[in-house]
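**Student:** any chance you could fold what I've pasted below:
(chains A, B, C and D)
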Number of protein chains: 2
Amino acid sequence: MTAIAPPDDEQGHPGQTAGRTAGQPLLPLAGQTPPMRADAARNRTRLLEAAARLVAERGPEHLTMEAVAAAASVGKGTVFRRFGDRGGLLMALLDHSERLYQESFLTGPPPLGPGAPPVRRLEEFGLATLRHLAAHRALLLAAEPEACRRFEPPPRRLVLTHLAALLREAGAGDAELLAHTLASHLDVALLHHLTQRRGMPLERLEAGWLDLVARITRA
Amino acid sequence: MTAIAPPDDEQGHPGQTAGRTAGQPLLPLAGQTPPMRADAARNRTRLLEAAARLVAERGPEHLTMEAVAAAASVGKGTVFRRFGDRGGLLMALLDHSERLYQESFLTGPPPLGPGAPPVRRLEEFGLATLRHLAAHRALLLAAEPEACRRFEPPPRRLVLTHLAALLREAGAGDAELLAHTLASHLDVALLHHLTQRRGMPLERLEAGWLDLVARITRA
DNA sequence: GCGGTAAACGGACCGTGGTCCGCATACTTT
DNA sequence: AAAGTATGCGGACCACGGTCCGTTTACCGC
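**Tutor:** Prediction:
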């Protein structure tokens, strides 16, 4: 990336470009950035459509940036300018469902959203997350960044702060650390490994989650 | 890799080449494979020396396979033939301390090795592992495979089976699942994130480990 | 020593992610 | 409407991991 390259955020048509403060789609921080140029917006949607098509055809793990560019009749540089990198493009593809998922526990109805007791919300949050991961497994897996950046993407951060908040509310010990413990149980790569390579049914992971929450919150 | 490429295992001089059954240096399985040719063994040590030098000079994250080949005055193909891939080379660099670490809890003296009660061994194991990770952070981080293979390398498998065995002995619930929970607390990437990016002292992670073991093993 | 053979070698080659920079063009201002 | 400017565009270019395959060479049996 050359300088202040803005790796995109969301919206399809009259869009804007993420202001690159600290994170991208943490949800409500769609703000005051200058509107995208018309050609840029057009290319953006063409790229997303092309990418979605290619993913559907060949699977996210075989998606190449050059193929997307070609399929959208656009230069390769344009893809990178818009989405930053491969992970950014994949994430953009997930943006819509990611939003729904985030809203469901941030502002949705209890017991998932605010209003229920914290332990109850923890239980529901894990179940909802496991289902979210399972539904988008391939894409999330393909978008997973390199090891040392695993905890940086805003969605992961949001999950961590959410868990930490609920744990604090429930009065557990080192909430930040325990949040990581819980979060690691809600990891796509782990889910993939356990269900695909080790043949565990999703139900076992769900039961494991409830058990884990119980063990961790009874201090 | 072309076919039954043997991604190397250990020993320096009259060596052998891993038989590729299921795992590499799970420790005692150095066996009955045909001995390495003299030139192969020589190149192996030259490569390891060159790699170690380059890592020391520029850090493991800047190590390129071509640079290693050149520094060892060897063809690039030879590097891949010997070590399989970049991760294999990095792992080979760690092989010695990995062995010491593994022996310490498999056959070493209690309370880390056999002989102490399981919960005690769990506590010690975590502390020893955290120190091991911290000592080799950069190298382990650079060797970390892609997300979807994160649980496949034999060292990780060994940790998981060890944890599961101790948990079973301690009578916890779903030992295999809980082993993953504990193992995720002993993850280089997590350690890196918490200590480097979030500024937590190692002591806090150690305390967190003891707390976690306590919470998980009191059924 | 002398072949025969399997193993090892080397480096050209390929695919892919990511960058660079000169050129084109959508919006703004007057 | 013309000029000015920042934004975006494109695709040549680079670095690196990994593969392929024709050539070389260590080892084994004689």
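**Student:** how much space separates the one residue in chain A that gets nearest to DNA strand D from A:R215?
**Tutor:** Closest approach between chain A and DNA strand D, counting by CB to the nearest atom of the strand: A:G77, at 1.9 Å. C-betas here are computed from N, CA, C, even on glycine. A:G77 sits 51 Å away from A:R215, going by CB to CB, to the nearest Å.
**Student:** likewise A:R99?
**Tutor:** Applying CB to CB, the value for A:R99 to A:R215 is 32 Å.
**Student:** what does A:G173 give?
**Tutor:** A:G173 is 12 Å from A:R215, by CB to CB.
**Student:** who has more neighbours, those two?
**Tutor:** Neighbours per residue (other CB atoms under 10 Å in any protein chain shown) separate A:G173 from A:R215, with A:R215 holding more: 19 against 16.
**Student:** touching chain B at all, the strand or helix carrying that one?
**Tutor:** In the assignment (DSSP states H and E), A:R215 maps to helix A:202-217. Yes. Using CB under 8 Å from any CB of the partner chain, helix A:202-217 comes into contact with chain B via A:R204, A:L205, A:A207, A:G208, A:D211, A:L212, A:R215, A:I216.
**Student:** regarding the spatially closest residue to the fifth one that is not a sequence neighbour, what is its secondary structure?
**Tutor:** Spatially, and ignoring its direct neighbours in sequence, A:D211 is nearest to B:G173 (5.7 Å; CB to CB, 6 or more residues apart in numbering or on different chains). On the three-state scheme (DSSP: H, G, I helix; E, B strand; the rest coil), B:G173 is labelled coil.
**Student:** so where is chain A shaky, pLDDT-wise?
**Tutor:** A:1-32 (pLDDT under 70).
**Student:** show me which residues of it sit near DNA strand C.
**Tutor:** A:1-2, A:37-39, A:62-66, A:76-77, A:80, A:85-87 (CB under 7 Å from any atom of the strand).
**Student:** which members of these occur in helices, if any?
**Tutor:** A:A38, A:D39, A:M65, A:E66, A:K76, A:G77, A:F80, A:R86, A:G87 (DSSP state H).
**Student:** format those as JSON lines; extra columns: distance to A:L130.
**Tutor:** Compiled in JSON lines, those are given as follows (distance: CB to CB, whole Å):
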{"residue": "A:A38", "distance to A:L130": "41"}
{"residue": "A:D39", "distance to A:L130": "41"}
{"residue": "A:M65", "distance to A:L130": "31"}
{"residue": "A:E66", "distance to A:L130": "35"}
{"residue": "A:K76", "distance to A:L130": "37"}
{"residue": "A:G77", "distance to A:L130": "39"}
{"residue": "A:F80", "distance to A:L130": "33"}
{"residue": "A:R86", "distance to A:L130": "26"}
{"residue": "A:G87", "distance to A:L130": "22"}
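**Student:** among those, which ones are buried?
**Tutor:** With burial judged by 16 or more other CB atoms under 10 Å in any protein chain shown, the buried subset of these is A:M65, A:F80, A:R86, A:G87.
**Student:** residues touching the first one, list them.
**Tutor:** Shown here is A:M65, whose contacts under the criterion CB atoms under 8 Å, 6 or more residues apart in numbering or on different chains are A:K76, A:V79, A:F80, A:R86, A:L89.
**Student:** the fourth one: what's it in contact with?
**Tutor:** Translated: A:R86. Counting by CB under 8 Å, 6+ apart, A:R86 has contacts A:L63, A:M65, A:A143.
**Student:** let's have the residues you listed in a markdown table, adding distance to A:L190.
**Tutor:** Below are the contacts of A:R86 laid out as a markdown table (distance: CB to CB, whole Å):
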| residue | distance to A:L190 |
| --- | --- |
| A:L63 | 23 |
| A:M65 | 28 |
| A:A143 | 16 |
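**Student:** for these, which one is nearest B:T181?
**Tutor:** A:A143 (23.9 Å; CB to CB).
**Student:** I'd guessed that closest one sits against A:A92; true?
**Tutor:** No. The pair A:A143 / A:A92 is not scored as a contact, 9.5 Å apart, by CB atoms under 8 Å.
**Student:** who's more crowded, these two?
**Tutor:** Between A:A143 and A:A92, A:A92 has the larger neighbour count (other CB under 10 Å), namely 25 against 22.
**Student:** which one of the contacts of A:M65 sits closest to B:H136?
**Tutor:** Taking CB to CB as the measure, A:R86 is the one of these closest to B:H136, at 28.7 Å.
**Student:** tell me the centre residue of chain A?
**Tutor:** Centroid-nearest residue in chain A, with CA atoms, centre = their mean: A:P155, separated by 4.6 Å.
**Student:** give the buried residues for whichever helix or strand it is part of.
**Tutor:** For A:P155, the element it lies in under DSSP H and E is helix A:154-170. Neighbour-count burial for helix A:154-170 flags A:P154, A:P155, A:R156, A:L158, A:V159, A:L160, A:H162, A:L163, A:A164, A:L166, A:L167, A:A170 (criterion: 16+ other CB under 10 Å).
**Student:** before we move on, back to that, of the residues of helix A:202-217 next to chain B, just say which sits nearest to A:A70.
**Tutor:** Nearest member of those to A:A70, counting by CB to CB, is A:L205, at 39.1 Å.
**Student:** ok, that closest one - how many residues close by?
**Tutor:** What A:L205 shows, counting by other CB under 10 Å, is a neighbour count of 23.
**Student:** just give the closest residue to it, not the sequence neighbours.
**Tutor:** Using CB to CB, 6+ apart, the nearest residue to A:L205 is A:L130, at 5.8 Å.
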